[in-house]
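Novice: coords below, sequence missing:
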């Protein structure tokens, strides 16, 4: 039994990596895809990915409901096989609109993971903060893999392979998950597990509103940076020219190092009060983003690393709040509602990224992101106080 639980946890962490990887393939490969479809500038192709990120958010609502009422294990099987098949479909597309439609399907199936996979992972966790930290590390290693693996596949096999290879891996993981994961005896909605911290109805509503507001601004930061960092790095480190494999490796190194922040934050969440820790991290984002807006060369590379440490370090908090304040019977539904709002709104970042950079440049974008980070801090100030 313990072996199957550990194998299931490992596959759930791999699923988080795959989830972020498939959502960022397009942004990493867009420079190679654009000329293949007869489009001169990558900025003009970028809005075609908006539907994927919109469904990534809105799909969380039905995904979370099905996770609680039907079961998390069967929903994860739908996740593995769904993103596997749709990624392979994306590899076969011949026009921008075909690719946009395929990406919408990828986003719909990718929406399953966060409201279903993370609650499934923390069901039996003794230290949920540490578990969320490890899971966050896995997800951000998927972001790093999107930069590195996609860059290498684009360079050596073409952009279609960048979609097909992760799709095949996801299907294989689904087969293994079906074999090793324990079957649910009952859906989560019929269980009787209480939240770690009991809040009154008014405080619970307040915590949910803060959680959603902070998640919206945090997701805007995440989407703007992870979708734009590849082209931003190419602009600020022009000495290397445009080598997708080299730039992908440099960006992957940033993400891999920054991902370690989630391990540290996850352990701290189990030990200290959540509100001051969260506030410290989001406030630190503001000056770093302002400095990065004008930096060039290796100075910019160092500031980009620090930016992503702080962006990734802020990610575990919303999941930790759900674990801390919401009992297991309805975690997937609450998570789905929060994600539908935050990811749905933040999907506009993908639509706006290309036109914004084309008209105003990356310096204005980074300055704007500093303002977004300040808005996150203002939302966190409204969190209910609690003991460590």
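Specialist: Sure, I can see it. Keep in mind it's a predicted model, so treat the numbers as computed, not measured.

Novice: ok, and what's touching stretch 352-361?
Specialist: With contacts defined as Cβ atoms under 8 Å, 6 or more residues apart in numbering, stretch 352-361 is touched by 41-47, 223-224, 227-228, 231, 364-365. Just so you know, the C-beta spots here come from the backbone N, C-alpha and C atoms, and that holds for glycine as well.

Novice: quick one: residues contacting the residue nearest to residue 178 when sequence neighbours are not counted.
Specialist: Excluding the flanking residues, the one nearest residue 178 by Cβ to Cβ, 6 or more residues apart in numbering is residue 77, at 5.9 Å. Residue 77 makes contacts with 174, 177, 178, as judged by Cβ under 8 Å, 6+ apart.

Novice: among these, name the buried ones.
Specialist: By neighbour count, with 16 or more other Cβ atoms under 10 Å, the contacts of residue 77 hold 174, 177 as buried.

Novice: what ranges does the protein have for its strands?
Specialist: Counting by DSSP state E, no segments of the chain form strands.

Novice: ok so, going back, buried subset of the contacts of stretch 352-361 as a PyMOL selection?
Specialist: Per 16+ other Cβ under 10 Å, the buried members of the contacts of stretch 352-361 correspond to this PyMOL selection:
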select buried, resi 42+43+45+46+47+223+224+227+228+231+365
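
Novice: I figured residue 121 hits residue 10, correct?
Specialist: No - using Cβ atoms under 8 Å, residue 121 is not in contact with residue 10, being 10.3 Å away.

Novice: where are the low-confidence patches of the stretch 201-350 of the chain?
Specialist: Scanning the stretch 201-350 of the chain for pLDDT under 70 picks out 201, 239-242.

Novice: the same query, at a cut-off of 90, please.
Specialist: Within the stretch 201-350 of the chain, the segments meeting pLDDT under 90 span 201-276, 295-298, 312-350.

Novice: list the contacts for residue 208?
Specialist: Going by Cβ under 8 Å, 6+ apart, residue 208 touches 334, 337, 338.

Novice: between residue 121 and residue 10, tell me which one has more neighbours.
Specialist: Neighbour count, other Cβ atoms under 10 Å: between residue 121 and residue 10, residue 121 has more, with 23 against 15.

Novice: could you find the closest non-adjacent residue to that one?
Specialist: Using Cβ to Cβ, 6+ apart, the closest residue to residue 121 is residue 12 (4.8 Å).

Novice: so who does the one you found touch?
Specialist: Applying Cβ under 8 Å, 6+ apart, we find residue 12 in contact with 76, 117, 120, 121, 135.

Novice: my guess is residue 168 contacts residue 81, does it?
Specialist: No - if you go by Cβ under 8 Å, residue 168 and residue 81 don't touch, sitting 11.5 Å apart.

Novice: more neighbours: the two, which one.
Specialist: Shown here are residue 168 and residue 81; by other Cβ under 10 Å, residue 81 has more neighbours (18 against 13).

Novice: please verify my assumption that the more buried one contacts residue 171.
Specialist: Yes - if you go by Cβ under 8 Å, residue 81 and residue 171 touch, sitting 6.1 Å apart.

Novice: from residue 161, how far off is residue 80?
Specialist: Using Cβ to Cβ, to the nearest Å, one obtains 20 Å as the distance from residue 80 to residue 161.

Novice: the more surrounded of the two?
Specialist: Ranked by neighbour count (other Cβ under 10 Å), residue 80 and residue 161 place residue 80 first, with 26 against 17.

Novice: the closest residue to that one other than its chain neighbours and residue 221, how far apart?
Specialist: Spatial nearest neighbour of residue 80, excluding adjacent residues (Cβ to Cβ, 6+ apart): residue 174 at 2.9 Å. Using Cβ to Cβ, residue 174 is found at 31 Å from residue 221.

Novice: now residue 81, nearest residue through space, not along the chain?
Specialist: Once flanking residues are discounted, residue 81 sits nearest to residue 174: 4.7 Å by Cβ to Cβ, 6+ apart.

Novice: which residues does the one you found contact?
Specialist: 77, 79, 80, 81, 84.

Novice: how about those residues in a markdown table, adding pLDDT and distance to residue 281?
Specialist: As requested, the contacts of residue 174 are exported to a markdown table (pLDDT from 0 to 100; distance: Cβ to Cβ, whole Å):
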| residue | pLDDT | distance to residue 281 |
| --- | --- | --- |
| 77 | 97 | 35 |
| 79 | 97 | 29 |
| 80 | 97 | 32 |
| 81 | 97 | 36 |
| 84 | 96 | 35 |
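
Novice: of those, which is the nearest to residue 67?
Specialist: Residue 67 has its nearest neighbour among the contacts of residue 174 in residue 79, at 10.1 Å by Cβ to Cβ.

Novice: residue contacts, the nearest residue to the closest one once chain neighbours are set aside?
Specialist: In this structure, residue 79 finds its nearest non-sequential neighbour in residue 112, 4.1 Å apart by Cβ to Cβ, 6+ apart. Listed by Cβ under 8 Å, 6+ apart, the contact partners of residue 112 are 59, 63, 67, 75, 76, 78, 79, 82.

Novice: ditto for residue 182
Specialist: 1, 4, 5, 8, 73.

Novice: pretty sure the fourth one contacts residue 180?
Specialist: The reference is to residue 8. Yes - contact criterion Cβ under 8 Å: residue 8 and residue 180 qualify, at 6.1 Å.

Novice: do you know how far the spatially closest residue to residue 318 that is not a sequence neighbour is from residue 337?
Specialist: Using Cβ to Cβ, 6+ apart and skipping the chain neighbours, the partner closest in space to residue 318 is residue 215 (4.8 Å). The gap separating residue 215 from residue 337 is 11 Å, by Cβ to Cβ.

Novice: between those two, which has more neighbouring residues?
Specialist: The neighbour comparison of residue 215 against residue 337 (other Cβ under 10 Å) goes to residue 215, with 26 against 19.

Novice: ok, the more buried one touching residue 342?
Specialist: Yes - Residue 215 lies in contact with residue 342 (Cβ under 8 Å); the separation is 3.5 Å.
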